[in-house]
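Q: When you get a sec, could you give me coordinates for this:
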Amino acid sequence: MALWVDRYRPRELAKLDYHKTQAGHLINLCAQGDFPHLMFYGPSGAGKKTRIMCLLRELYGPGVERLRNEIMNFTTPSNKKVEIMTVSSNYHIEVNPSDAGIYDRVVITDMIKQIAQTQQIDPSGQREFKTIVLSEVDELTKDAQHALRRTMEKYVATCRLVLCV
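A: Numbering: from 1, shown residues only. Just a heads-up that it's a prediction; the model follows:
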C-alpha cells in the first residue's frame, strides 16, 4: 500500500504547482538536445527531489520510476572498503556521497568514472547520457568538490550531473 504522499506526488513538470516558470525552463531544456549539468537548491521539504524526478521522467519516460536499491563498493588508496547505498534505474543513479565521510572524493571520482564508461541502454535512442543525482553536495569536502568539478568536465559526453543542495 502506497503512502498518501507518494500516491499524489506530481509526476510531470507541467503538473507542479509552484515555480511554474522554472518548470517551463526545465521542459525547454529537456526538449533541446544539449542538456546541461544542473543544481537544485532550497530548504528541506521544498520539493527538490520531486522536481528532479519529474525532470528525469520528462527526459527518459516512465522507466525512470522502476527503481532498485544497490550497494556500491569502493576501495580507497589505503585499501579501505567503503560501501554506499544508491537508488537507481536504467537511466539514472541517485547517491549521497557525503555518507562516505572523508572518503567522498574517492566515491565521487570512481562512481562517475564507472558510470561514464558504461553505455546508456535507451531503446528510443534519444539520450546518449546517463544522469547522476548527487544529494547533499554542500557537505562534500574541498577535495571532493575539486574532484567533482574535474570529473564533470571530463565525462560531460556520457553523463550529466544533477546536484541537490
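
Q: ok, and for whichever strand or helix holds Arg105, which residues are buried?
A: For Arg105, the host element (DSSP states H and E) is helix 104-116. For helix 104-116, a neighbour-count test (16 or more other CB atoms under 10 Å) marks 104-112, 115-116 as buried. Every residue, glycine included, has its C-beta placed from N, CA and C.

Q: Spell out, range by range, the strands that occur in this structure.
A: 38-40, 68-75, 81-88, 92-95, 130-135, 159-164 (DSSP state E).

Q: one step back: and which of the buried residues of helix 104-116 is nearest to Met53?
A: Taking CB to CB as the measure, Ile115 is the one of these closest to Met53, at 18.5 Å.

Q: Need the per-residue pLDDT for the closest one.
A: On pLDDT, Ile115 comes in at 88.

Q: That one touches Ile93, doesn't it?
A: Yes. Applying CB atoms under 8 Å, one finds Ile115 in contact with Ile93, separated by 6.4 Å.

Q: Return every residue with contacts to both of the two.
A: Taking CB atoms under 8 Å, 6 or more residues apart in numbering as the criterion, Ile115 and Ile93 both touch 130, 132.
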